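1. All I have is the shape, not the residue letters:
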C-alpha cells in the first residue's frame, strides 16, 4: 500500500515496515522540513520525483538497507595516500548549498537525471540552517573539489549524496566523516541503497527490521552527538585528524 501524505499533518508518517517490495512507502505533493525530519527519524527518505503528473515526491525505506559502521571503513591504497599527503583541506558546513548543487550535477551510473530537485535543495538548506543537515567538503587552492551532505540526529548520520571533481575528493570526505563519527559516537552511517563503490569502502546491507531497531536505539536523544557548529569554525588538512 502506498500512502498519500497529508500536507495538513506533515509529521504524520507511516512506519517503514509498511513499504512495498521495492521499498516505496508513500507519495506527497511537497517535502517540507517537518515531514523530512519525521521521515528520516523513521528510516524513510525522499528518493525521486515522478516524471509525469501529478509529479509527486516518492518516499522510500529499502529492504535491505545499506549502512556503514564507521569503524569498518576500508581505506584503499590511493585513499591512504590522499589522506597522508595532506593535499585536501577539509571544511565543514562552509558551503552547504553549493555542495548539494554539485551533487545534483554529478553524473551517476545508470541514471539519466538527478533526484536532487531545486525545491529539495531549498528545504535541505533550511534544515542546514536549523543545524540538522550538514556538509563535509574537500578544498584545494581555495576551490571546493568534493563533498558530501546528509542529516545528523543522535548517534546517526543519514548520508544523502557525494561528488568529486578530482580523484579521491569525496572518499576523503567520507573518511573524515567516519573519523568524526568514531570520535564523537556516531554508531551508524546510513548509505540508503547498495552500490559497489560503497561496498568496497566497507558498507554492508542489513534487513530493514534491524535497521529500524538500531535506529530507535541510536535516536533516543535526537540532538546530534557531533558538535557541528564548533567544527564549522575551522578547517584541517586531510589526514591531520586521522592519527
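-> Everything's here; your move. No experiment lies behind these values; they were computed from the predicted model shown. Numbering: from 1, shown residues only.
2. Would you map the helices across the protein?
-> Ranges of helices within the chain are 33-40, 77-85, 96-105, 118-129, 169-184, 196-200, 208-218, 228-231, based on DSSP state H.
3. Identify the residues contacting the spatially most central residue of the chain.
-> The centre of the chain sits closest to residue 159, judged by Cα atoms, centre = their mean, with a distance of 1.6 Å. Neighbouring residues of residue 159 by Cβ atoms under 8 Å, 6 or more residues apart in numbering: 68, 148, 150, 177, 189, 190, 191, 192. C-betas here are computed from N, CA, C, even on glycine.
4. so can I have CSV of those residues showing pLDDT and neighbour count?
-> Output for those, formatted as CSV (pLDDT from 0 to 100; neighbours: other Cβ atoms under 10 Å):
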residue, pLDDT, neighbour count
68, 98, 24
148, 98, 26
150, 98, 24
177, 98, 26
189, 98, 24
190, 98, 22
191, 98, 24
192, 97, 21
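5. Each with direction, which strands does the lowest-mean-pLDDT helix or strand in the chain pair with?
-> Ranked by mean pLDDT, DSSP states H and E, the weakest helix or strand in the chain is strand 235-237, scoring a mean of 88. In the sheet, strand 235-237 lines up against strand 89-92 (antiparallel) (DSSP bridges).
6. Domain-wise, how is the chain divided?
-> Taking automatic domain parsing as the domain assignment, the ranges for the chain are 3-60, 65-237.
7. tally of neighbours for residue 187?
-> Residues near residue 187, counting by other Cβ atoms under 10 Å, number 18.
8. Next: residue 42.
-> 20.
9. Same check on residue 97?
-> Around residue 97 there are 14 residues (other Cβ under 10 Å).
10. Please give me every residue in contact with the residue nearest to it when sequence neighbours are not counted.
-> Excluding the flanking residues, the one nearest residue 97 by Cβ to Cβ, 6 or more residues apart in numbering is residue 125, at 5.2 Å. Residues in contact with residue 125, defined by Cβ under 8 Å, 6+ apart, are 96, 97, 100, 133.
11. does the first one really touch residue 132, like I thought?
-> It stands for residue 96. No: at 11.1 Å, residue 96 and residue 132 do not qualify as touching, with contact defined as Cβ atoms under 8 Å.
12. what's the pLDDT at the residue located most distally from the centre of the chain?
-> The C-alpha centroid of the chain is most remote from residue 53, which lies 27.8 Å away (Cα atoms, centre = their mean). With respect to pLDDT, residue 53 scores 94.
13. The chain should start at 53 in everything you say after this.
-> With 53 as the first residue, the last one maps to residue 105.
14. backbone phi and psi for it, please?
-> Per-residue torsions, residue 105: phi -60, psi 140 (degrees, to the nearest 10).
15. what bits of the protein have low per-residue confidence?
-> 160-166, 291-295 (pLDDT under 70).
16. try it again with 90
-> Residue ranges of the chain with pLDDT under 90: 53, 103, 138, 158-167, 288-295.
17. The top strand by length along it versus helix 148-157: what angle between them?
-> The residue-count maximum for a strand in the chain (DSSP state E) belongs to strand 195-205. Put simply, strand 195-205 runs at 100 degrees to helix 148-157, going by axes from the mean of the first three to the mean of the last three Cα atoms, to 10 degrees.
18. Next, the buried residues of strand 195-205.
-> For strand 195-205, a neighbour-count test (16 or more other Cβ atoms under 10 Å) marks 196, 197, 198, 199, 200, 201, 202, 203, 204, 205 as buried.
19. May I see those arranged in JSON lines, with distance to residue 125 as well?
-> Compiled in JSON lines, those are given as follows (distance: Cβ to Cβ, whole Å):
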{"residue": "196", "distance to residue 125": "22"}
{"residue": "197", "distance to residue 125": "21"}
{"residue": "198", "distance to residue 125": "16"}
{"residue": "199", "distance to residue 125": "17"}
{"residue": "200", "distance to residue 125": "13"}
{"residue": "201", "distance to residue 125": "18"}
{"residue": "202", "distance to residue 125": "15"}
{"residue": "203", "distance to residue 125": "19"}
{"residue": "204", "distance to residue 125": "17"}
{"residue": "205", "distance to residue 125": "20"}
